[in-house]
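Participant: Sequence and predicted structure are below.
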Amino acid sequence: MAGMRKAGHLEEDAIAFYSAEMICGLQFLHSKGIIHRDLKPANIMLDQESHIKIVDFGLAKENISGNDTTTRKAGTPRYMAPEVIEEKEYNAAADWWSLGIIIYQMATYTFPFTSPMGKQLSPLTDEPFYPSWLSDELVDLLQAVSISKLYCRIM
């Protein structure tokens, strides 16, 4: 990803490319009944041809498909979906939340639940801050994967 930075963030075409590859990876995992549960930049690698590889399945949950859920809190707190933080039932939608956090970071190099003044906000009660320079399409994608209501989030 080196060389694609501009003003502290990746170009939107690079964000679209890497996001699409992560989406395909998550769709594959979920089709096999696997929830990653610790999706974060440290667990996203690039191969020699700059393609995404999702790694570190130590916290993954298997045999979760359809309406199956789990409640065990697992993952890295800043990337956990609200339902995981609260130890409520969750499914593969938790991975989509984490993906939204990663995409936001690719675009802004910050976390979405940080105010413009640097104050830490809560994903349980606050809406993320979307900088005005993000495109409408990118904001729409981020909102679709980061909806707090589990049943409204895209999967």
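Facilitator: Noted; the coordinates are in hand.

Participant: Tell me what residue 61 is bridged to.
Facilitator: residue 35 (DSSP bridges).

Participant: In this structure it contacts residue 32, no?
Facilitator: No. Counting by Cβ atoms under 8 Å, residue 61 does not reach residue 32; the two are 11.7 Å apart. Where you see a C-beta, it was placed from the backbone N, CA and C, and this is true even at glycine.

Participant: quick one: which of the two has more around it?
Facilitator: More neighbours surround residue 61 than the other of residue 61 and residue 32, with 20 against 11 (other Cβ atoms under 10 Å).

Participant: got a list of what the more buried one touches?
Facilitator: By Cβ atoms under 8 Å, 6 or more residues apart in numbering, the contact set of residue 61 is 34-35, 37, 70, 72, 74.

Participant: Specify which member of the residues you listed is nearest to residue 48.
Facilitator: Nearest to residue 48 among the contacts of residue 61 is residue 34, at 25.2 Å by Cβ to Cβ.

Participant: Would you quantify the distance from that closest one to residue 129?
Facilitator: 32 Å (Cβ to Cβ, to the nearest Å).

Participant: likewise residue 47?
Facilitator: Taken as Cβ to Cβ, the span from residue 47 to residue 129 is 33 Å.

Participant: which of these two has more neighbours?
Facilitator: residue 129 (17 against 8).

Participant: ok, and the closest non-adjacent residue to residue 146?
Facilitator: Sequence neighbours aside, residue 100 is the residue nearest to residue 146 in space, at 3.9 Å (criterion: Cβ to Cβ, 6 or more residues apart in numbering).

Participant: which helices and strands does the longest helix anywhere in the chain pack with?
Facilitator: The longest helix of the chain (DSSP state H) is helix 12-31. When contacts are defined as 3 or more Cβ pairs under 8 Å, 6 or more residues apart in numbering; DSSP states H and E, helix 12-31 sits against strand 52-54, helix 93-108, helix 136-145.

Participant: who does the next helix or strand after it touch, helix- and strand-wise?
Facilitator: Following helix 12-31 in sequence order, the next helix or strand is strand 44-46 (DSSP states H and E). Under the contact criterion of 3+ Cβ pairs under 8 Å, 6+ apart, strand 44-46 touches strand 52-54.
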